[in-house]
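Trainee: Show me the folded form of this:
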Amino acid sequence: MKQHFFSHIVSIALLASIVFIGCKKINESTDLGDGLIPTVDNITTFEQYLDVVSDNQLFNDTAKVAGDDYLAIGYTNDPDFGQTAAKAYFDLGMSSYMQNPFVHKDSVVGIDSVVLSLAYNNYYGDTNASQTIRVYEIASNAAFQDTTSYRYSHPDFLTTGAELGNKTFQVKNLDDSIEHRHGSDTLKRVNVIRIKLNNNLGERFKLYDTTNTLNGAFRSDSAFKKAFKGVAIIPDNSGNALTYIDASVPQTGLIVYCRIKRAAGVIDTTSVLFNHFGSRIPYASRPTIFSVGQANMINRNNSGSYLTYLNNGLPADDKVYLQSTPGSYGLLSIPALDTFRNSVIHLAQLIVTPINSIEQSKFVYPQILFLDVTNNTKDSAFTLDNDMNIPSPLELRNGAPFSYNLQKYGGLINTDSTYRFNISRYIQRLVTSQTTNYAFRLYAPVQASVFSKNLHEAFPSVGFASLSVGNLPAYGRVALAGGNYADATKRVRLRIVYSKL
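Mentor: Down below sits the predicted model:
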């Protein structure tokens, strides 16, 4: 999923308290996006704030790496949340087979160099520190497969042989133009990490052919992956930053620079590219979805205030610590909704406020927070279809993507330094129909595994599905004011504007 950044403005004035504040003249923005809500006059329209009980929970995230997800690589040591180490694995291949990219095995006069090129996309953490990454070959007996999606918590895959190459760099310099030469050509590349590998790999590749033998790696995609399963990119435990690469674009690939003897004995310099994108074959039933062939193993070693709150055993926390996938979530309950009288709900906003944490300027907020509803056992989650503007069953059957409206629903940090989720339709249904008052789950996933009523009505055989949220894996963490935070003006709360029936 490619990342997009939005701006969304909701302005508010400072709140004086949180618990069922008496009805008063409205003093916050009333723009719902679809129109204006009535003015609070304390006669027909009222405003109240409901208490929220917040609890820190470690999230057993079932999200899996998709075929075009960005991959995190690196190491961070966050004093408030702990250490993170991220490794990436992906396979390589060619755009077509049954032809020798070196003309034929006897054409190569010499291997000049072998380079692994990685397309850089983003970073998280300290950009001034140096980061070192090392490249290895995935072992032929490793469990890594190009038809399997792997969770971020999957154990590391086996590698084989000595290190193929390494690179030390500063993240802040990755968007500089890099100049390199091959033969008489001078090339410039931007937003790439170029890692020089051992020439022995090129010597090995030049011996492959298209025959039906053990050496026939150029015969088919499966034959190539049997001969060379892919690369593992493993960071040193230093650097204090994560680098994000896009393995699915042509700028990422293994390049063999060599000299080839052509017709009439002419020696020519050339290069042969083996890339990740070219190795993947679309599924027949869904031509835009590719087989995976990549994995991102992210290991968390939790510590600091984050670990303290996860393990305190209290059902109500004054602070909520959210770490993006794979990380944690805040369980939010609103007991007062059990007795809230049947009313016309004009606006229901869940308001969440970040608070200071150690080295916040370096370890920034997640790009997006996400809110869904849990069941009684807290092992399943449901979307708020109407508030999230999830396509209708008819639209979904007609090919509309399973997605939601981030800007209308909420999840982006506002200019007033709050997150606001618009859940008016859900609260209306709850107070009108007296449906079960389930707890909410607040977290920062890459993808959310959720049950959608609209999706189920469109495709009855579909239960839970992955809803793309848009976060990068392991990007961001935030400390939030909980339901009993000392400063009452910052506590998480539910704001309701309503009319009595």
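Trainee: from here on, contacts and neighbour counts on C-alpha atoms
Mentor: OK.
Trainee: how about the strands in the stretch 401-501 of the chain?
Mentor: 419-422, 440-443, 447-451, 464-468, 477-481, 493-500 (DSSP state E, counting those that start in this stretch).
Trainee: Can you say which of those strands is nearest to D61?
Mentor: strand 447-451 (8.6 Å; C-alpha to C-alpha).
Trainee: What does the pLDDT read for F277?
Mentor: Looking at F277, its pLDDT is 72.
Trainee: Please name the nearest non-neighbouring residue to it.
Mentor: S248 (4.8 Å; C-alpha to C-alpha, 6 or more residues apart in numbering).
Trainee: Correct me if wrong, but T76 is in a helix.
Mentor: No. Secondary structure of T76 (DSSP: H, G, I helix; E, B strand; the rest coil): strand, not part of a helix.
Trainee: Quick one: residues contacting the residue nearest to it when sequence neighbours are not counted.
Mentor: Leaving aside its sequence neighbours, T76 sits nearest to N240 (C-alpha to C-alpha, 6+ apart; 3.9 Å). Contacts for N240 (C-alpha atoms under 8 Å, 6 or more residues apart in numbering) come out as 74-77, 125-126, 129, 131.
Trainee: State the distance from N240 to D221.
Mentor: N240 is 37 Å from D221, where distance means C-alpha to C-alpha, to the nearest Å.
Trainee: circling back: which of the contacts of N240 scores worst on pLDDT?
Mentor: A129 (86).
Trainee: so it touches N173, yeah?
Mentor: No. In this structure, A129 is not within contact of N173 by C-alpha atoms under 8 Å, at 10.9 Å.
Trainee: Checking the residue of the chain positioned farthest from its centre next. Helix, strand or coil?
Mentor: The C-alpha centroid of the chain is most remote from A264, which lies 53.1 Å away (C-alpha atoms, centre = their mean). Assigned state for A264: helix (three-state reduction, three-state DSSP).
Trainee: Please identify the buried residues of stretch 198-212?
Mentor: Within stretch 198-212, the residues scored as buried using 16 or more other C-alpha atoms under 10 Å are 198-199, 201-203, 205-210.
Trainee: Of the residues you listed, which belong to helices?
Mentor: Counted as lying in helices by DSSP state H, out of the buried residues of stretch 198-212, are 201-203, 205.
Trainee: Pick the one among these closest to S303.
Mentor: L201 (40.9 Å).
Trainee: and the spatially closest residue to I496 that is not a sequence neighbour, how far is that from T168?
Mentor: Leaving aside its sequence neighbours, I496 sits nearest to A348 (C-alpha to C-alpha, 6+ apart; 4.5 Å). Using C-alpha to C-alpha, A348 is found at 50 Å from T168.
Trainee: More neighbours: those two, which one.
Mentor: A348 (24 against 15; other C-alpha atoms under 10 Å).
Trainee: May I see the buried residues of the strand or helix carrying the more buried one?
Mentor: Using DSSP states H and E, A348 sits within strand 343-352. For strand 343-352, burial by neighbour count (16+ other C-alpha under 10 Å) applies to 344-352.
Trainee: next structured bit after that strand?
Mentor: strand 354-355.
Trainee: Quick check: nearest residue in space to K64, chain neighbours excluded?
Mentor: R151 (4.2 Å).
Trainee: The one you found touches T62, doesn't it?
Mentor: Yes. Under the criterion of C-alpha under 8 Å, R151 makes contact with T62 at 6.4 Å.
Trainee: So which of these two has more stuff around it?
Mentor: More crowded of R151 and T62, by other C-alpha under 10 Å: R151, with 18 against 15.
Trainee: Read off the pLDDT value for the more buried one.
Mentor: 95.
Trainee: Name all residues that make contact with it.
Mentor: So R151 contacts 62-65, 295-297 (C-alpha under 8 Å, 6+ apart).
Trainee: For it, give its distance to A232.
Mentor: R151 is 16 Å from A232, by C-alpha to C-alpha.
Trainee: Extract the C-alpha trace of the longest helix along the chain and format it as PDB.
Mentor: If you go by DSSP H, the chain has its longest helix at helix 424-433. Output in PDB follows, covering the C-alpha atoms of helix 424-433 (Å, rounded to 0.1, in the frame of the first residue of the first chain):
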ATOM      1  CA  SER A 424     -22.600   9.700  15.400                       C
ATOM      2  CA  ARG A 425     -24.500   7.000  13.500                       C
ATOM      3  CA  TYR A 426     -23.100   4.200  15.600                       C
ATOM      4  CA  ILE A 427     -24.100   6.000  18.800                       C
ATOM      5  CA  GLN A 428     -27.500   6.800  17.400                       C
ATOM      6  CA  ARG A 429     -28.200   3.200  16.700                       C
ATOM      7  CA  LEU A 430     -26.900   2.200  20.200                       C
ATOM      8  CA  VAL A 431     -29.100   4.600  22.200                       C
ATOM      9  CA  THR A 432     -32.200   4.000  19.900                       C
ATOM     10  CA  SER A 433     -32.100   0.200  19.600                       C
END
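Trainee: as a whole number, average confidence for it?
Mentor: On average, helix 424-433 scores 94.
Trainee: what's the answer for stretch 171-184, then?
Mentor: 60.
Trainee: and what of stretch 445-460?
Mentor: Here the average pLDDT along stretch 445-460 is 95.
Trainee: Start and end of it, how far apart?
Mentor: Termini of stretch 445-460 sit 26 Å apart (C-alpha to C-alpha).
Trainee: again with stretch 145-162
Mentor: 22 Å.
Trainee: Name the residues of that stretch that are buried.
Mentor: 145-146, 148-153, 156-157, 159.
Trainee: same deal with stretch 222-239?
Mentor: 223-235, 237-239.
Trainee: Verify the contact between P155 and N296 for me.
Mentor: No. Checked against C-alpha under 8 Å, the pair P155 and N296 is beyond contact range at 10.0 Å.
Trainee: Just checking: what are the partner strands of the longest strand anywhere in the chain?
Mentor: Using DSSP state E, we find that the single longest strand of the chain is strand 108-125. Partners of strand 108-125 in the sheet, by DSSP bridges, are strand 192-197 (antiparallel), strand 241-246 (antiparallel), strand 253-261 (antiparallel).
Trainee: need those strands in TSV with mean pLDDT, distance to S392 and mean neighbour count, can you?
Mentor: As requested, the strands paired with strand 108-125 are exported to TSV (pLDDT from 0 to 100; distance: least, C-alpha to C-alpha, whole Å; neighbours: other C-alpha atoms under 10 Å):
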stretch	mean pLDDT	distance to S392	mean neighbour count
strand 192-197	95	41	21
strand 241-246	96	33	24
strand 253-261	94	41	22
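Trainee: which one of those lies closest to A474?
Mentor: strand 241-246 (8.3 Å).
Trainee: List of residues touching stretch 425-440?
Mentor: Under C-alpha under 8 Å, 6+ apart, the answer for stretch 425-440 is 331-335, 337-338, 340-345, 348, 371-376, 384, 386-387.
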